[in-house]
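J.: Provided below for reference: sequence and predicted model.
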Amino acid sequence: MSDARKARAVGFNHIALEVGDIDQALAFYGRLFDYKLRSRSDTSAFIDLGDQFLALQQGRTQGPDEGRHFGLVVDDKEAVRQALAAAGIEPLPGPFLDFLDPWGNRVEIIGYTNIQFTKAPHVLRGMGLAELAKNEQAIKELTEKGMAPD
């Protein structure tokens, strides 16, 4: 057994999704979410998520995702449900709010108030979301881990 120190994973800086076309991807995600573009080029775009970002990379060639997905945390899950309906996008069957984008990337929508994932207050303030709060169950889970919000 080695005594070497192991690095500890502490979070995600970004998630990268392969898409077919950057302009089409920005238009698609713009129909569902209010977002700020961090930067872009002809083959990539970076959607700002405060202290994280979603990278869109041109060049998707594989088939649609099945179980593989990422959970995108939003301030208003019902607003996303309504935007999906307005865009004619059918959520995938199952207990969660999952959908496939036009290139087969599977996205699960998760409401911020219901989960342990927490943005620091100064990051929420900078994002214009200072009023977002956790529900009682999320606070209980965070408290049990010694991570309750102040």
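T.: That came through fine. Numbers count the residues shown, from 1 in each chain.

J.: neighbours of the closest residue in space to R81 that isn't next to it in sequence, how many?
T.: Excluding the flanking residues, the one nearest R81 by CB to CB, 6 or more residues apart in numbering is L97, at 6.1 Å. Quick note: C-beta positions are derived from backbone N, CA and C, even for glycine. Using other CB atoms under 10 Å, L97 has 19 neighbouring residues.

J.: for L97, give me its contacts.
T.: Listed by CB atoms under 8 Å, 6 or more residues apart in numbering, the contact set of L97 reads K77, V80, R81, L84, P91, E108, I109, I110.

J.: go again using 10 Å as the cut-off
T.: 72, 74, 77-78, 80-81, 84, 91, 107-111 (CB atoms under 10 Å, 6 or more residues apart in numbering).

J.: report the secondary structure state of the residue nearest the centre of the chain.
T.: Most central in the chain under CA atoms, centre = their mean is L72, positioned 2.2 Å from the mean C-alpha point. Here L72 is recorded as strand under DSSP: H, G, I helix; E, B strand; the rest coil.

J.: which residues does it bridge with?
T.: Applying DSSP bridges to L72 gives these bridge partners: I109.

J.: wait, it touches F96, no?
T.: No - look at L72 against F96 with CB atoms under 10 Å: they stay out of range, at 11.4 Å.

J.: okay, now the unreliable bits of this protein?
T.: 1-2 (pLDDT under 70).

J.: P91: what's it in contact with?
T.: Counted by CB under 10 Å, 6+ apart, P91 has contacts V80, R81, L84, A85, L97, D98, F99, L100, E108, I109.

J.: surely it forms part of a helix?
T.: No - using three-state DSSP, the secondary structure at P91 is coil, not a helix.

J.: give me the number of residues near L17?
T.: By other CB under 10 Å, neighbour count at L17 equals 20.

J.: tilt between the helix or strand where it lies and strand 70-74?
T.: Using DSSP states H and E, L17 falls within strand 14-19. Strand 14-19 and strand 70-74 are oriented at 110 degrees to each other (axes from the mean of the first three to the mean of the last three CA atoms, to 10 degrees).
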